[in-house]
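J.: my questions concern the predicted model and sequence given below.
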Protein chains: 2
Amino acid sequence: MHIALLGGTGDLGEGLALRWGADTDFDITIGSRDAERATEAADAYVSTLAEHGHDRSLAAATNREAVESADVVVLAVPPYHVADTVEAVADALPMDAIVVSPAVGMQSDEAGLHYHRPGAGSVTAVAADATPDSNPVIGAFHSLPAHKLAALSVDLSLDTLLIGDDDEAKETIDELATAIDGVRALDAGPLANAAEVESMTPLMINLARYNEGLHDLGVTFE
Amino acid sequence: MHIALLGGTGDLGEGLALRWGADTDFDITIGSRDAERATEAADAYVSTLAEHGHDRSLAAATNREAVESADVVVLAVPPYHVADTVEAVADALPMDAIVVSPAVGMQSDEAGLHYHRPGAGSVTAVAADATPDSNPVIGAFHSLPAHKLAALSVDLSLDTLLIGDDDEAKETIDELATAIDGVRALDAGPLANAAEVESMTPLMINLARYNEGLHDLGVTFE
């Protein structure tokens, strides 16, 4: 399994790289628009993994080079860069490579953060619209707290919700998610249900703001 | 503490009546538009409580009579009846009685349920718009699964999220919520954050539909 983490220098990219680095033997490439930044980040993650007893290499490349041999491409970029990130790599995407969208559009006001629903219906739908038809798109990892993922000494007990129209691709992303110790994947249905999943992220940030002692919240359903 | 459960004959009214009946000594009145239906429901709940070893009386009344001596009025009615339910009891509401809105507007399509955001911004805002200014309005109990509440033999481990602009009223509803064994209340901020809280309900119903073995889902944040 080869995973390309586009925008892999950001918080979620770091969290996923460290957890997959620690808990799996997946091949991981840290992608960035700037190859040098990708290399710096990958080196830093390898050091962190070594400090936690994981002797592990990670590859680094431009986003475009990163996708060339990927089975799964994670768009760990801000929501307003989802479409152009996919478009920049689209003709290098291997046939059948799965594109994963974890981004959420948000607006803030005095009271807190609010879900900003794109015209396409969801950020996952924005990613799907930009992606070639031969590549399935799955929404995932929205509710995983990046800093908690990156803190390798923290035991996790977290759900992530999967959205998409391709059941086989969803099963693959389920395996990727649950390969991280303490993560459970739940099926939230087809792409048309993505807005309800994405809406949880501003809610969780609001809960962290208004409740002392709660930071980097995750969620579990029972 | 006197709680009036308007629409107390429905699923959420039943669940809350049974749990408050079992776990607290609050005075509870089951309200309905039809006094006879309120009495039938209250009698049934008293029987269920007795079966579980709780010797307990519950009052029954029309919605309008139920609010007359209430400290807290819970609008356990469908979202499209929130405004007219409040309007029908508004001039009987005691000064300072707290109005609680647990309802969520939803629409369904083939894929699942979706949050249907009212023009006012949220169902909680609809309730607030219909309520006299002297009565604080708090959104609460949206994410508590009614059937799990009603199953008194089930141990709960659930969060409920509180929304509202009046901190003192919110504190009172926090105490009411956490008086139920196994329920934790979290502050989700001012009324302006209600839509993100209400959006969780269709998500949880979608998760129950797409994941075998998950029914009457609750949620916890950590």
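T.: Arrived safely. Numbering: from 1, shown residues only, chains lettered A, B, ... in the order given.
J.: for residue A:181, which non-adjacent residue is spatially closest?
T.: Excluding the flanking residues, the one nearest residue A:181 by Cβ to Cβ, 6 or more residues apart in numbering or on different chains is residue A:23, at 5.2 Å. In this view, the C-beta of every residue, glycine as well, is placed from N, C-alpha and C.
J.: OK, contacts around that neighbour?
T.: A:179-181 (Cβ atoms under 8 Å, 6 or more residues apart in numbering or on different chains).
J.: around chain B, pick out the residues from chain A.
T.: A:109-115, A:157, A:161, A:186-193, A:195-197, A:199-200, A:202-204, A:206-207, A:209-211, A:214, A:217-222 (Cβ under 8 Å from any Cβ of the partner chain).
J.: can you tell me which of the residues you listed are buried?
T.: The neighbour count (16 or more other Cβ atoms under 10 Å in any protein chain shown) marks A:111-115, A:161, A:186-193, A:195-197, A:199-200, A:202-204, A:206-207, A:209-211, A:217-221 as buried among the residues of chain A next to chain B.
J.: centroid-nearest residue for chain A?
T.: Central residue of chain A (Cα atoms, centre = their mean): residue A:102, 4.4 Å from the mean position.
J.: tell me the mean pLDDT for the helix or strand hosting residue A:85?
T.: Per DSSP states H and E: residue A:85 is located in helix A:82-89. Confidence for helix A:82-89, expressed as mean pLDDT, is 98.
J.: any buried residues in it, and which?
T.: So for helix A:82-89, counting by 16+ other Cβ under 10 Å, buried means A:82-83, A:85-86, A:88-89.
J.: ok so, going back, the residues of chain A next to chain B in strands, which ones?
T.: A:113-115, A:161, A:186-187, A:219-221 (DSSP state E).
J.: one step back: most neighbours of all the contacts of residue A:23, which one?
T.: residue A:180 (23 neighbours; other Cβ atoms under 10 Å in any protein chain shown).
J.: which secondary structure state does the closest residue to that one other than its chain neighbours sit in?
T.: Closest residue in space to residue A:180, ignoring its immediate chain neighbours: residue A:19 at 4.5 Å, by Cβ to Cβ, 6+ apart. Following DSSP: H, G, I helix; E, B strand; the rest coil, residue A:19 is assigned to helix.
J.: neighbours of residue A:19, how many?
T.: So residue A:19, with other Cβ under 10 Å, has 22 neighbours.
J.: for it, give me its contacts.
T.: Counting by Cβ under 8 Å, 6+ apart, residue A:19 has contacts A:149, A:152, A:156, A:180-181, A:183.
J.: so for the helix or strand that contains residue A:61, mean pLDDT?
T.: For residue A:61, the enclosing helix or strand under DSSP H and E is strand A:59-62. Mean per-residue pLDDT for strand A:59-62: 98.
J.: residue A:75 is in contact with the residue nearest to the centre of chain A, correct?
T.: Yes - contact criterion Cβ atoms under 8 Å: residue A:102 and residue A:75 qualify, at 7.0 Å.
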